[in-house]
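Enquirer: here is a sequence together with a model predicted from it:
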Amino acid sequence: SELYRMLEFARAYPIVVPSRQLSWSHYQALLALNDSKEREVFAEEAVRQGWSRNQIREEIRKRRLSKNPEELASGPPPLVAQKGMPDTYRIVTLEGRLQIDLGFSNYLELSKKDAKRFKEGDIVRASKGKLELVKGATEFLVPLQIFSYRATVLEVTDGDTFWALVDLGFGITTKQQLRLRGLDAPEIESAEGKEAKVFLEKELKNAPSITIATAKSDKYDRYLVDLWIGETFINQKLIDKNLAIKVE
């Protein structure tokens, strides 16, 4: 991920400029601006005002929301989360055979008996070793509602990334590095980043298990997830505590 960001930096700043007392994390925030002149203005203002990385991001957000003063005044709306039902899957066809899409690029072929009961696109739920059709559901069911899992946290990397052992059902597990959807915590090297990591570790420390709902992978091939401890939506809690900022 760092190499990717460095590549973005090299493309945005092909000619190395004299130091402006800005750190690498400052430049990472500035890369959110595609316009080079606008980046230059923000860089100069960041030095003059002594902005932190998060302050730069907040000022960029304000600029983008300047055409919508009501939203700017009230702050960003909360994340829209959907806590799905674990053990719920979609039936797909692979290599001419009906299979259960377990998620995370894992598939399980249907038994001959179940292959006669279900068709491609059906949404099914596993209960006591048997598959049941979810009535009224279609293949267009919101992905977050399908790809929901029980998981055990192995290690917290930083304020928005962690490793977990994900229970896919049917006795199958997968180890994954997961990124919290819809937010961005400060870099771990910063004091703010360390605070966000400690907060996430404390939240997860006493949780015997968690529930995650996956959306899609990010550009670093980490799955983006909504994280729940009981009925508490941890993604939004980090934002509410000002330990992370909301991102699209």
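Expert: Received the coordinates, thanks. Numbers count the residues shown, from 1 in each chain.
Enquirer: switch to C-alpha atoms for all contacts and neighbour counts from now on
Expert: Fine.
Enquirer: spit out the contact partners of residue 32.
Expert: If a contact means CA atoms under 8 Å, 6 or more residues apart in numbering, then residue 32 has no contacts.
Enquirer: same deal with residue 227?
Expert: Shown in contact with residue 227 (CA under 8 Å, 6+ apart): 180, 210, 211, 212, 213, 233, 234, 235.
Enquirer: in helices, which of those residues fall?
Expert: 234, 235 (DSSP state H).
Enquirer: from the contacts of residue 227, which is closest to residue 92?
Expert: If you rank the contacts of residue 227 by distance to residue 92 using CA to CA, residue 213 comes first, at 19.5 Å.
Enquirer: the closest one: how many residues sit nearby?
Expert: Neighbours of residue 213 under the rule other CA atoms under 10 Å: 26.
Enquirer: the residue lying closest to it once chain neighbours are set aside: neighbour count?
Expert: In space, residue 213 comes closest to residue 148 once its chain neighbours are excluded; the distance is 4.2 Å by CA to CA, 6 or more residues apart in numbering. Counted with other CA under 10 Å, the neighbours of residue 148 add up to 29.
Enquirer: for residue 148, phi and psi?
Expert: When read as degrees, to the nearest 10, the backbone of residue 148 gives phi -120, psi 140.
Enquirer: where along this structure do the strands fall?
Expert: In the chain, the strands defined using DSSP state E lie at 88-94, 97-103, 106-109, 123-127, 130-133, 148-158, 161-169, 172-180, 183-184, 210-217, 223-229, 232-233, 245-246.
Enquirer: ok, which of these comes nearest residue 29?
Expert: Nearest to residue 29 among the strands of the chain is strand 183-184; the distance by CA to CA comes to 10.6 Å.
Enquirer: about what we covered before: could you dump the contacts of residue 227 to a markdown table with distance to residue 34 and pLDDT?
Expert: Output for those, formatted as a markdown table (distance: CA to CA, whole Å; pLDDT from 0 to 100):
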| residue | distance to residue 34 | pLDDT |
| --- | --- | --- |
| 180 | 24 | 94 |
| 210 | 37 | 91 |
| 211 | 36 | 93 |
| 212 | 33 | 93 |
| 213 | 31 | 90 |
| 233 | 32 | 93 |
| 234 | 31 | 95 |
| 235 | 27 | 94 |
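Enquirer: number of residues surrounding the nearest residue to residue 199 once chain neighbours are set aside?
Expert: In space, and not counting its chain neighbours, residue 199 is closest to residue 159: 7.6 Å by CA to CA, 6+ apart. Neighbours of residue 159 under the rule other CA under 10 Å: 27.
Enquirer: I figured residue 159 was touching residue 192, is that so?
Expert: No - judged on CA atoms under 8 Å, residue 159 makes no contact with residue 192 at a distance of 9.2 Å.
Enquirer: re the thing from before, and of the strands of the chain, who's closest to residue 50?
Expert: strand 245-246 (19.0 Å).
Enquirer: so what strands line up beside the closest one?
Expert: Here strand 245-246 is paired, per DSSP bridges, with strand 183-184 (antiparallel).
Enquirer: so in this structure, where's the weakest helix or strand by average pLDDT?
Expert: Using mean pLDDT, DSSP states H and E, helix 69-74 stands out as the lowest-scoring helix or strand of the chain, at a mean of 52.
Enquirer: return the member of the contacts of residue 227 nearest to residue 28.
Expert: For the contacts of residue 227, with residue 28 as the reference and CA to CA as the criterion, the closest is residue 180, at 18.6 Å.
Enquirer: contacts only, for the closest one.
Expert: Listed by CA under 8 Å, 6+ apart, the contact partners of residue 180 are 160, 161, 224, 225, 226, 227, 235.
Enquirer: from residue 135, how far off is the first one?
Expert: To residue 135, residue 160 is 36 Å away according to CA to CA, to the nearest Å.
Enquirer: between the two, point out the one with more neighbours.
Expert: Of the pair residue 160 and residue 135, residue 160 is the one with more neighbours under other CA under 10 Å, namely 26 against 9.
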